[in-house]
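Novice: I'd like to go over a predicted model; first the sequence, then the structure.
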Amino acid sequence: MTAIAQTRVALLPPDVAYAERLFALIDESRGTLRVWLPWVDATRSVEDSRQFLAGIADGARNGAVCASWLVERNGELAGCIDIHGISKLHRSGFLGYWLADRFVGEGVMGEAAAQALDAGFGALELNRIAILAGVDNTRSRAVAERLGFVREGAQREGLYLHGRYHDACQYSMLAGDWRARR
């Protein structure tokens with residue numbers, strides 16, 4: 001009988017202590033990440049990652065409308081996830097995420113997203129969380145669909161990346177839907 005290895009996924013608070021590991025992770029998957037993430041080309045050094053992490057930590061202390069975490073799998077940094085564009089008035093936000101190539105296909109993002117959704121619908125008291133993913137971004141769309149997000153439709157030319165427009169799918173999850181799934 002073969003033992004099944006358990007994967008442990010944790011969400012870590014952003015901290016500048018992770019800057020070198022975060023930059024290395026981005027750098028190793030740069031070609032894949034840059035297709036859908038416009039900030040990748042501007043991330044050219046450990047200092048860029050340090051400033052990013054410091055900015056998130058400062059924002060969190062000052063009541064920013066974004067909740068961000070680093071994704072760790074079995075003690076190894078794997079990517080990032082956040083709930084951004086949070087509207088306290090409407091109790092809503094958008095889920096964004098990325099993983100380094102070597103972690104794709106292992107269920108890591110599904111586990112990380114579930115934890116982020118627990119926080120969003122729990123401590124953050126949101127009622128609606130949306131995901132906006134390029135129509136051709138099959139990996140991101142698959143995460144939304146596996147989690148049970150409802151596809152609401154497409155935004156024509158809803159994303160502008162690398163000098164051209166892309167159609168985007170919009171998905172949503174409501175707090176009641178999430179509670180029913182958990």
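Specialist: Looks like it arrived, so ask away. Residues are numbered from 1 along each chain as shown.

Novice: rest of the way, CA atoms for contacts and neighbours
Specialist: OK.

Novice: what number of residues lie near Ala100?
Specialist: Neighbours of Ala100 under the rule other Cα atoms under 10 Å: 20.

Novice: contacting residues around it?
Specialist: Leu25, Ile26, Glu28, Ser29, Leu33, Ala78, Gly79 (Cα atoms under 8 Å, 6 or more residues apart in numbering).

Novice: change it to 10 Å
Specialist: 22, 24-30, 32-33, 77-80 (Cα atoms under 10 Å, 6 or more residues apart in numbering).

Novice: Tell me which of those fall in strands.
Specialist: Leu77, Ala78, Gly79, Cys80 (DSSP state E).

Novice: and the first one, how many neighbours?
Specialist: As a burial measure, the neighbour count of Leu77 was computed by other Cα under 10 Å and equals 22.

Novice: What of the last one?
Specialist: Summarising burial for Cys80: neighbours were counted as other Cα under 10 Å, giving 21.

Novice: The third one now?
Specialist: The tally of other residues near Gly79 (other Cα under 10 Å) stands at 23.

Novice: My read is that Tyr171 contacts Val135, right?
Specialist: No - checked against Cα atoms under 10 Å, the pair Tyr171 and Val135 is beyond contact range at 11.4 Å.

Novice: center of the protein - which residue?
Specialist: Compute the mean C-alpha point of the chain, and by Cα atoms, centre = their mean the closest residue is Tyr97, 1.7 Å away.

Novice: Nearest residue to that one in space, please, no chain neighbours.
Specialist: Spatial nearest neighbour of Tyr97, chain neighbours left out: Ile81 (4.2 Å); criterion: Cα to Cα, 6 or more residues apart in numbering.

Novice: again, but for Ser68
Specialist: Nearest to Ser68 is Asp82, by Cα to Cα, 6+ apart, at 4.2 Å.

Novice: Export the helix or strand containing the one you found to CSV, keeping only CA atoms.
Specialist: Secondary-structure element containing Asp82, defined by DSSP states H and E: strand 76-87. Below are the C-alpha coordinates for strand 76-87, written out as CSV (Å, rounded to 0.1, in the frame of the first residue of the first chain):
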residue,chain,number,x,y,z
GLU,A,76,8.0,26.6,0.6
LEU,A,77,6.7,29.9,-0.9
ALA,A,78,4.5,29.1,-3.8
GLY,A,79,2.6,32.3,-4.8
CYS,A,80,0.3,35.1,-3.7
ILE,A,81,-3.4,35.6,-3.2
ASP,A,82,-5.4,38.6,-2.2
ILE,A,83,-8.9,40.1,-1.9
HIS,A,84,-8.6,43.5,-3.5
GLY,A,85,-10.9,46.4,-4.4
ILE,A,86,-12.8,45.8,-1.1
SER,A,87,-15.9,48.0,-0.7
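
Novice: That's all I had, so thanks and see you.
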